[in-house]
Structures are given as C-alpha cells and as structure tokens.
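**Q** quick check, what structure comes out for this input:
(one chain, ligands or ions: 3)
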Amino acid sequence: MEFSIKNTQPEKQRAACIVVGVYETRQLSASAQQLDNLSQNHLTRILAMGDMDGRVGSTLMLHHAPDIGNDRVLLVGLGKAKELDRKAFLTSINAALAAINDTGAPNAALYLLEETVANADLRWKIEQTILAAQAQRHTAGKLKSKKDAPAKALKKLTLIVEPANNKTAEIALAEGRAIAAGVELAKDLGNLPGNICTPSYLAEQALDMSKEFSLKCEILERKDMEKLGMGALLAVTQGSRQPPKFIVLRHNGGKKTDAPVVLVGKGITFDAGGISLKPAAEMDEMKYDMCGAASVLGAIRAAAELKLPLNLIGVIPSCENLPDGQAVKPGDIVTSMSGQTIEILNTDAEGRLILCDALTYAERFDPAVVIDIATLTGACVIALGHHVSGLFTEDDALAGELERAGQAAHDRAWRMPLWEDYQSQLDSNFADMANIGGRPAGSITAACFLSRFTKKYNWAHLDIAGTAWKSGKEKGGTGRPVPLLVHFLLARAAAI
Ligand code: BES
Ligand code: MN
Ligand code: ZN
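**A** Ligands and ions are numbered 1, 2, ... in the order given. Prediction:
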C-alpha cells in the first residue's frame, strides 16, 4: 500500500474515492460541507432522506454525486463531535477502509485526519490509519493454494492535512510505515506453522534482514551454547531434532560508546510442553510461542528502517520444546550460564529456561536497558485477558517509559508487582531454585525467576501470552507488542 500526504482542497481533489466525515446527527464536517456546496447540497439532501445519520462506524457510498469530479464520495459517521475519542476514531477509520475495500477504487483521499479526536494528535491519527489500512490488507491465509478473497483494489491512500502540518504528517507517515512493516513481519512469522518456522528459519530471517538493512547478525550454534555453559537452554532443546539457534542482531545507529538497548525475545517455535505434555486442545496455538522473538525482529526492522540514532541489540534464544526419549525430565537439575542451578519440576515452564541464559548472555553488552518479550505464562492471560500485556520491572522510571510507549502506540501494557514476597515460591530442596512456583500468581513467579538473572542491569519483562495472537474464528498473530517497542525506542532516540 502506498501512502502520501497532501493538502488538496476537496473541490480540487481527483480521486477514485473521496472520504469525508459526518457527525451525529447529520452534521457535515468542514470537508463534507465543501463538497455539499459544490454539489448543490447533494449531501444534505441525501442525509435528509435518512440514509445516514453519522453514527460512529456507519458509512454511505455515493456514486457520481453531481458536480463533484470524483466517482465516489464516502460519507463516514464520526458520532457526536464531543464524543469523538480514540476508540471511536479507530472504529470509523476501519469502517471507512472496509467500505473502500468493498469497491474497485484503486485510490482514495482521506479527509478525516484533521477532525478533532480527544487524547489524540495528528501523529497518532496518521499512524493508526496506516496500521489499520495495513491490517485490512493482511491475510493469515498465505499458505492456502487458493486465495480466500480477490486482491483488494485499493493501492494508494492519500492523507489530507493542513499545509501547516505537513512536517508532522511526514514524520508520522514514516513512523507509521515502519511500524506497520514490523507488525506485518511479526504477524507473518507468528502465523507460520512450526514445521516451517523452525529455529533455523528464524535465524535465516534475521540474516536476510541484516543484509537488507546492513545490520550485524551472528548465529550461535549448539556447540557455542555448550561452550558458554547455557545449560538451561540446552536442557529445553535436548528433546528436539531441530538444531537450536541463538540469534544476535544489531542495529548500530548510535555512537560507539552509547550503551545499547537490548531486546530479548522468546523463540520457542513449538511448545508441546515436553515430558510435562500439554493437553491436545488448542495445542496448535503453541506455534505462536516464538512471538516474542518475532516482535524483536519486527521492532529492529522498524528501528533500522527509521535509522534510529541508538544502538539496539536483539537477542533471540530459539528451540523447540518436545517430548522425546532424550528430553529433559521433571526433577532434572541443570546449571544455567549464570552458574545458578535449576530444578526443572515442570518441563512446560521452558520459556524462562531459555530466557535466563539469554539474559545472562546480555550482560556482555553493558546494556542501558534490557527488555525481554515472551509468551511466558497462561496465568498472564487469566490475570489480564487479551487487551494488555503484562509488564514487570522493579524500576519505576522504566515502567513509566514502557507504559507511556504502550499508550502512545495503542498497544498497552499493565504493570504487575514483582515483589520479593513472591520469590520464596521458587524454593527448591535440591537446587538454587525450581522452575515453577505453584499455581498462585503464575505470571509473577515466572517474572521472579527471570529477575534472578538480571541483577547487573536495568530490566523489564513483557508477558505477551494474551496479546501476541488471537484465537477462535479470527485466529492469527497480532504483531503486538511491536508498536509499543518501537514507540519506546522512538522516545529513547528523541531523548538522546
Ligand atoms: N508458552 C507457554 C505459555 C502460554 C500458554 C502462553 C498458553 C499462552 C497460552 C509456556 O511455556 C507455558 O507452558 N507456561 C506454563 C507454565 C507453568 C507450567 C508454570 C503455563 O502457563 O501453564
Ligand atoms: Mn511451555
Ligand atoms: Zn512456552
């Protein structure tokens, strides 16, 4: 999809579809009013007929309206002007894009971005419009031999703004495009099945991306992990026939001396649970257990495309978690790279095992901050549902940064406690710690486990088990939390 910013007045506009807002009840927006004047009140007369009242998300397509030199005018309901908030705007934008996509219009000019939306600036409106347009084009059925639906006609979207806003709009456009491409990558990787998206496949993706954006990429193999003493990661992979990969991808946009931001992504390409086998129902969804890794790749792609002036390192431990004669067993004790020993009481709590070694590995970068992103616990879904990701950190300033990034990106995270009180649930009689902490506060004890490997730097953990993909009829990756991560990086880059 092509996007551009223009200032063209509605009466001068020539587009296959021109999109204007109508407020409740039957109030024309400024651009709709201009078209109405041009067409001898054609719009007013149609509204008076009762065909559209301006409710949020309602649309009415007009063809060949008199004296308007465009084949189509799309009226989009924006609700009551006073009540137009972020949610209403998104509903309206999505309805507008769907209505255009139902036609053969190859291009459209959007006159909705200068409408006043509570708690949203132009940057937000433009970014969300691009993400919505991209999402409507996206298909999860890329491996179907016959396409679900014919390709959408809409190829070009022109976003109309006031001339004074051109600069802001161009910046927002570039950010929106980069985030959309990162989201797209994360969705596609998530949707790929485990037999295609293996650890080796993820490593190939990282290598391809490093060539496209001149990033540095290093892939550690099993023997490298053995040398480093990554006993926890190696325990998880030992039941799998796919070789594990440990991906390190760097965007060096900052000064040599700038401490890097490190993003660590859980890359379990299939999680059957291992010997602590999961039940069969919905087990297919455990192909999404690499969505943390996918979000790291998506965020780095966006940062590289935007040439953000900071040093960014992605660290992705990747393997499968399968039952096998060689698989790690409940009760086995392993030594992590940090030297701490772990009693593996449940082989299905594998994410923390591969992450703990990646978090120790991250120490070598002297990071400014480390954020890990993981589909870590079912308990997080029970606690927070599918609307927000779980955010865990002891650092209030970092928590604030991530919360604000989530707000700005419309990809929110909610802070959970990470108090000392929970740590004792991980006590083991036989090792330094157990890898599970019982049923209460499952997402917190998982974060507590990780915290034991992050003492040397600022650290936050995002549990995306509830937000990385959708189940049921709409099953598919969401690309979250790429928007949150990119906004976090944008804010860090702006502060330099
Ligand atoms: N990948 C799962 C977490 C998960 C489960 C995410 C369902 C989304 C939906 C993780 O590896 C896991 O299995 N966690 C266990 C931990 C438990 C054994 C302490 C869980 O949540 O049940
Ligand atoms: Mn698991
Ligand atoms: Zn898992």
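**Q** so which strand or helix has Ile219?
**A** Taking DSSP states H and E as the criterion, the element that holds Ile219 is strand 216-220.
**Q** pull up the pairing partners for that strand, direction included.
**A** Each strand paired with strand 216-220, and its direction, by DSSP bridges: strand 245-252 (antiparallel).
**Q** what's the first helix or strand after the helix ranked longest in the chain?
**A** Ranked by residue count under DSSP state H, the longest helix found in the chain is helix 166-191. Per DSSP H and E, the first helix or strand lying C-terminal to helix 166-191 is helix 199-212.
**Q** residues of that following helix that come out buried?
**A** Applying a neighbour-count criterion of 16 or more other CB atoms under 10 Å, the buried positions in helix 199-212 are Pro199, Tyr201, Leu202, Ala203, Gln205, Ala206, Leu207, Met209, Ser210. Just so you know, the C-beta spots here come from the backbone N, C-alpha and C atoms, and that holds for glycine as well.
**Q** could you check how far the fourth one is from Ala294?
**A** Here the distance between Ala203 and Ala294 works out to 13 Å (CB to CB, to the nearest Å).
**Q** for Ala431, same thing?
**A** Looking at Ala431 against Ala294, where the rule is CB to CB, the gap reads 32 Å.
**Q** where along the stretch 301-450 of the chain do the strands fall?
**A** Under the criterion DSSP state E, counting those that start in this stretch, strands of the stretch 301-450 of the chain are mapped to 311-321, 332-335, 341-344, 369-374, 389-392, 413-415, 433-434.
**Q** can you put those in CSV and add distance to Pro440, mean neighbour count and mean pLDDT?
**A** Conversion of the strands of the stretch 301-450 of the chain to CSV gives the following (distance: least, CB to CB, whole Å; neighbours: other CB atoms under 10 Å; pLDDT from 0 to 100):
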stretch, distance to Pro440, mean neighbour count, mean pLDDT
strand 311-321, 24, 27, 99
strand 332-335, 24, 18, 99
strand 341-344, 19, 22, 99
strand 369-374, 20, 27, 99
strand 389-392, 15, 26, 99
strand 413-415, 19, 19, 98
strand 433-434, 14, 21, 99
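**Q** just so I know, which of these lies nearest Ile247?
**A** The closest approach between Ile247 and any of the strands of the stretch 301-450 of the chain, judged by CB to CB, belongs to strand 311-321 at 4.0 Å.
**Q** the closest one close to ligand 2?
**A** No. Legend: contact between strand 311-321 and ligand 2 by CB under 5 Å from the ion is lacking; minimum distance shown is 5.9 Å.
**Q** what is the next helix or strand after the strand holding Ile219 packed up against?
**A** Using DSSP H and E, the helix or strand that follows strand 216-220 towards the C-terminus is helix 222-228. Here helix 222-228 is seen to pack against helix 231-237, helix 351-361 when contacts are counted using 3 or more CB pairs under 8 Å, 6 or more residues apart in numbering; DSSP states H and E.
**Q** what does the shortest one contact?
**A** Contact partners of helix 231-237, identified using CB atoms under 8 Å, 6 or more residues apart in numbering, comprise 222, 225-226, 244, 246, 268, 274, 317, 319-321, 328, 332, 334-337, 342, 344, 347, 350, 353-354, 356-358.
**Q** tell me the mean pLDDT for it?
**A** The average of the pLDDT scores along helix 231-237 is 99.
**Q** that one vs ligand 2: in contact?
**A** No. No part of helix 231-237 sits near ligand 2 under the criterion CB under 5 Å from the ion; the closest distance found is 9.2 Å.
**Q** could you count how many residues lie near Leu113?
**A** Leu113 has 22 neighbouring residues, counting by other CB atoms under 10 Å.
**Q** surely it touches Thr158?
**A** No. Under the criterion of CB atoms under 8 Å, Leu113 lies out of contact with Thr158, with a separation of 10.5 Å.
**Q** by proximity to ligand 3, which residue of the stretch 151-300 of the chain wins?
**A** Residue nearest to ligand 3 within the stretch 151-300 of the chain: Asp271 (3.7 Å; CB to the ion).
**Q** for that residue, give the beta-bridge partners.
**A** According to DSSP bridges, Asn321 are recorded as the beta-bridge partners of Asp271.
**Q** circling back to that earlier point, I'd like the buried residues of helix 199-212 as CSV, with distance to Gly479 and pLDDT appended.
**A** Supplementary listing: the buried residues of helix 199-212 in CSV, determined by distance: CB to CB, whole Å; pLDDT from 0 to 100:
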residue, distance to Gly479, pLDDT
Pro199, 21, 99
Tyr201, 18, 99
Leu202, 16, 99
Ala203, 21, 99
Gln205, 15, 98
Ala206, 17, 98
Leu207, 21, 98
Met209, 16, 98
Ser210, 21, 98
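**Q** ok, those vs Glu305, which is closest?
**A** Ranked by distance to Glu305 (CB to CB), those are led by Met209 at 10.3 Å.
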